[in-house]
Each structure stands twice: as structure tokens, then as C-alpha cells.
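Participant: the amino acid sequence is not available; the structure is as follows:
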């Protein structure tokens, strides 16, 4: 069940030979369960299966988009990769090494510099009592990088790289708008010259005109520094724009994983189809309106997920089998993986 | 069709010792019976403040409606006394808000919250109100409506709460429903359910809807008519087809170009440079001039009026003045 993805190379992007050895990150059957504790004795009375089988891999210089609705486990997946949460099961392989159970000290000395994160809320992710200068100084200090003079120069050049003014380093976060703050968050992620960036909903708190600025900036940076992105978002149109490969999650499970072109042109899983059709689209001249699949009901609780295929309670094409047997996550076409009984 | 709501030159200012902020600066909106009008703009454009002004719920002290008319069904709402206005709110005009999580009272049951409206406005008995509440919950798609009356809001998901909000808003058969970002906090599949439902409302009950949103995809799906706001003013108004086929104002064009598409070619996104101006740093001329790609001298010195175009469209831009060639 190892997704060996065969993604089209974006023109003008990190021009490197793409071979299978170029896979920078591989996630195998990742699971993260949170215990539910009740009473004064804090007995474990159940588990929330936040992530219950995530599989994907991503090549150097490319972008994997992870999409899904709230509660599908996409953020937990991102946070588990960077080991902010301990994985319950499964493997996280970074550059050929299994980092899923590295000790915190080893993580800090080897991995943390390489993998950085960009957060959703630009208002909550920057310390309001620190100047931009000291926000960007901290990663240098933690990782003991560069001399004092170099650090100050780097801070200014980083601010300029993300489209801000170097003189802003003595200002505080509250002086900036949402879009500008997200640029600061990106600058902070770039301080340690990472190779992999996990971006958790980086543009969903922004207005569309600002959102476009940030997406363009992220694309430019990817080209310039050969960055690899894990781009987590609920917005299918944004992911289509930036990703090379897209994984669709539902209730902790990866339902479909495919190169972008395939996924959007020919989605296989009924959930992916419903999700795609639910996106409201600004009408265009001469383009026919698409047929809608409106899903019934709400997302089931991850503490008590449905038996069999987790999507069967809302699936328009559910069969008897779906209620009992969990569908395997298998490759149906080259690089196109799906977990659904319809495709056997 | 007759005009239901006609807002003329509405002005809402926030006055402090230091400065006066013109949050709503001369807005005109007209809505016909059974029509859905979308009010579109980015954060800080004054769209929510416009809706609060129509309902006269502007935060006070501080905010004040300083001018204009809100003609609803032949009366100017701004001339009503607070006691009379209270009979309009929730009865003839009702409102649903963006945050389904915070707009229901967490310590009252769903039943108590819906029946309160009916008991107050329709003077129904407890039993009548209860029966009507069940009807309403069924209308918004709850199969187990009876039991739901006893549930507290925390037991419901976001989409369910928003449906309860709609049921409450529809309880007195309002002529106008103001929906302020009703689906922004919801997932796409749930958003599709709610939009579908709102479309039914306009067909079934001829309820007019003023939809406030920043999502042009949503606008394209449900609205008949669109009003685009920028920095407290209307910059373009048009019927929905023509707006998407041929946006006129450079701001509308910029907004449409900056949306990543879910089908068709993938191109680099065209963003609008800069940010929405802060209310105390309004440019002297056209408010969009500092961000406009087509700016010329005249734009920097004076702010254009809304210039009428064909088919009742209007646009606030000097590019469309008499004698100027269209772009």
C-alpha cells in the first residue's frame, strides 16, 4: 500500500530529476487516536480516532494537498508529521529515516530545522508582545544558527523576501493586517532554511484578494528555494491551484489520493465527487452549470465511527457490503488510489 | 414586482472624540418581493454594518445612523420609535448571523428559543407555539423535530444550528430575511444543504433575501442581483449574469480574477495589490485608486458618482463616464 506517486512535474519548478528516490516524505498507515477520559480517576472510556489511516508520499519540490471537511483529521495529520502529537500507529519516513518515534531531543537536533509549519490564524500564531525582529530571531537562537551580525541581516532580508519592508523588524504584530501577518508567519517558517513546510489552512482566514497574494508568494518561494509543501485546506479550489497531488480525507481516513489532474477531472470516490460538486463556482460565460450532489446529514462522530466504510451513512451509492467491510485503499490506475467497494 | 425594501443614501458613522469613521457612506439598495440580493465585499467594506443599520442594531454608543432612508413596505423604518421597530424585527424582517455557535442561547432549549419568538410576535398560546415550532423544524429538514425541542444547542453541529437559526428566522413568515454570511463557518457539503434550502424559501414563500457574503461562488449560485461594496460605498450594482459575464469596476474585475477556479485552466492568480484602506486613512479621490491597475489623474483628486449603465447597471468609476471609451 505504498503510494508511489507519479505526479506531473510543474514547469519551471525546482528543476531536479524526479525519481522515486526523490520522495522526501512518506506517510504509511498513520493513526492518531486520542483517549477520552472521564471521572476523577480519569479512566479511559473511549477513543477519538482523529486519524485512522493516512497514506501519502511527496517528492522534493512538489506539493501535496490534503483536503476534507472540519473534523476529518487533516490538521491532526499535519501536526503528527511534525511530531507535535505522538503517532499511535504507522510510519512517518522523512528522507528515508523513520522519524515516527524519534526522541524529542533527536527531533530538535536533526528534524525540526528541516520541517517547519505555517498556521491558519495569523492573529493567534504571533506573540503580540514581541517585535517582528524578536519573533524571527528566536528560531536562530533555538537552533544556534549564524553569528549575531548575520542574524540581524537575515531577519531584514527574510522580511524583504516575503514582501515586507526590512525596517518593520522593530514593529509589533498588531500593527499589521491579516495578509501581512501571514507573510510574517511565512518568514518565520523560512528562518531555518527548511526543506519541507507544513501549511495548515494558511489562507482560509484571509479575504480573496489577499488570499491570492499569499498563494502567489508561496508558489514563488517554492520555485526559489525548492521547497516541498504539505498544504492542508478545506478549500478545493485553492488546493487545485497549488498542489501536484491531492489526498481527500473523511473521518480520519484517506479516501482518495491522485495526481491533481486526475482527481479533479475524474474523481472516483463518491465522497470526492460530492465534495467537488458542493463548491459554489462563480459562473463563467458559456460554461454549463454542473450537476450537484447534495449529501444528506452530518459528519458522524469520530469517537463512534460507522462500521465498514466510514462514509456509507451519507453515501448516495452505498451497498450492503459497505456497511460491513472496510474498503482497502488500493491503486486503481497509475498513481490513483481509492478506498471504495465500487472499484473492485 | 413591487419594491419591498428601498434603502436610500444610508449613512452610518462611528463618532469618537478623535475622529469620525464613515462605516456606511451613502448606500442605496433596493430589493423586490421574492428577490435575492447579494451584498458583496471584503472585510471592512461595511457590508455587515449596512445590514445592522437596516435593522437599527448599530452598536451604540459610538455608532449612529446619521442620514438616509430605509423604506420598507411603504414606511421609513428610521422614523419609527424603538417600540414600533421591535415589532418589525424578527417579525417582518428577520436576520441570521454568521456564527451559528454563538448566536443561540446555550442555556435555553431549542424549543424555548423558537417558541419565544412566536409567543412574543404572534401572541400564540404555549401549545400553539409548540406545534408551530415542530412544523418549522420539519421544514428545515429535521426528521426528529419533536425530540429536538428539548435539546440544548451544544448537542447540535454547526450545520444543524444554522438550520435552527433559519427556522427561528422564518417563524413569523418574514417578508425579508437578512442573512449575514450564513454559510461562511460551515463546510462545503453543509453549505450546499443550507443554500439549497434558502433557494426553496424564496420560491415557496416569496421571502426576499438580503445575502451578505464575501464568497462570489455563493453569490453566483443564489443571487438575482448583486451590490458590490468597497470601503463603505457601493462601487457596482448589476444583475448576477451580467456581473459575472462582464464585470465593469476594476475592483469587481480584480475580485473575480483572484478566485482560484475549480475547473478550467490553472493560471497564476491575479491578486489585487495592497490592502483595504483603514477608515481613518481614506484616499482623497476614488477609494479604490491606490490599488487600481487602471488609475489615472482624475481618480486621485475626486471620487466618482455611481454612473448609470445599460440594463440598470451602475458603476462608480471614471472609466465609464460619458465620452470615455469603455475598457
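Facilitator: Looks like it came in fine. Quick caveat: nothing in here was measured; it's all calculated off a predicted structure.
Participant: which strand residues bridge residue B:37?
Facilitator: residue B:210, residue B:225 (DSSP bridges).
Participant: ok and the residue in the stretch 1-150 of chain B nearest chain A?
Facilitator: The nearest approach of the stretch 1-150 of chain B to chain A comes at residue B:42, 4.1 Å away (CB to the nearest CB). For glycine as for every other residue, the C-beta is placed from the backbone atoms N, C-alpha and C.
Participant: now for that residue: which residues touch it?
Facilitator: Residues in contact with residue B:42 (CB atoms under 8 Å, 6 or more residues apart in numbering or on different chains) are A:207-210, B:214, B:230, B:255, B:276.
Participant: contacting residues for the nearest residue to it once chain neighbours are set aside?
Facilitator: In this structure, residue B:42 finds its nearest non-sequential neighbour in residue A:207, 4.1 Å apart by CB to CB, 6 or more residues apart in numbering or on different chains. Contact analysis of residue A:207 by CB under 8 Å, 6+ apart lists A:178-179, B:42-43, B:214, B:276.
Participant: for residue A:273, same thing?
Facilitator: Per CB under 8 Å, 6+ apart, neighbours of residue A:273: A:267, A:293.
Participant: checking it next. Helix, strand or coil?
Facilitator: helix (DSSP: H, G, I helix; E, B strand; the rest coil).
Participant: and it, how far from residue A:91?
Facilitator: 30 Å (CB to CB, to the nearest Å).
Participant: next: residue B:9.
Facilitator: 65 Å.
Participant: the more surrounded of the two?
Facilitator: Between residue B:9 and residue A:91, counted using other CB atoms under 10 Å in any protein chain shown, residue A:91 has the larger neighbour count: 14 against 11.
Participant: so the more buried one lies in a strand, does it not?
Facilitator: Yes - the assignment for residue A:91 is a strand, going by three-state DSSP.
Participant: the closest residue to residue B:76 other than its chain neighbours: how many residues sit nearby?
Facilitator: Distance criterion CB to CB, 6+ apart; nearest residue to residue B:76, sequence neighbours excluded, is residue B:69 at 5.1 Å. Burial measure for residue B:69: 15 neighbouring residues, criterion other CB under 10 Å.
Participant: spatially central residue for the chain, please.
Facilitator: Defaulting to chain A. Note on chain A: the residue nearest the mean C-alpha position is residue A:232, at 2.8 Å, using CA atoms, centre = their mean.
Participant: nope, chain B please
Facilitator: Geometric centre of chain B, nearest residue: residue B:212, 2.5 Å, by CA atoms, centre = their mean.
Participant: look at that residue and give its secondary structure.
Facilitator: Per three-state DSSP, the secondary structure class of residue B:212 is strand.
Participant: I'd say it and residue B:49 touch.
Facilitator: No - between residue B:212 and residue B:49 there is no contact under CB atoms under 8 Å: 10.1 Å.
Participant: average pLDDT for whichever strand or helix holds residue B:197?
Facilitator: Element membership for residue B:197 (DSSP states H and E) is helix B:188-205. Averaged across helix B:188-205, pLDDT comes to 84.
Participant: output the contacting helices and strands for it.
Facilitator: Counting contacts by 3 or more CB pairs under 8 Å, 6 or more residues apart in numbering or on different chains; DSSP states H and E, helix B:188-205 packs against helix A:270-278, helix B:158-170, strand B:208-213, helix B:216-222.
Participant: okay, buried residues for it please.
Facilitator: By neighbour count with 16 or more other CB atoms under 10 Å in any protein chain shown, helix B:188-205 contains the buried residues B:188-195, B:197-198, B:201-202.
Participant: list the contacts for residue B:300?
Facilitator: B:283-286, B:289.
Participant: what does stretch B:64-78 rub up against?
Facilitator: Stretch B:64-78 is contacted from outside by B:4-15, B:26-27, B:53-54, B:56, B:58, B:85, B:88, B:92-93, B:175-176, using CB under 8 Å, 6+ apart.
Participant: what does the pLDDT read for residue B:122?
Facilitator: We have a pLDDT of 87 for residue B:122.
Participant: show me what contacts it?
Facilitator: B:129, B:172.
Participant: go on, residue B:5?
Facilitator: Neighbour list for residue B:5: B:29-31, B:54, B:70-72, B:176, B:208, B:210 [criterion: CB under 8 Å, 6+ apart].
Participant: in the stretch 101-250 of chain B, what residue is nearest chain A?
Facilitator: For the stretch 101-250 of chain B, CB to the nearest CB, closest residue to chain A: residue B:217, 3.3 Å.
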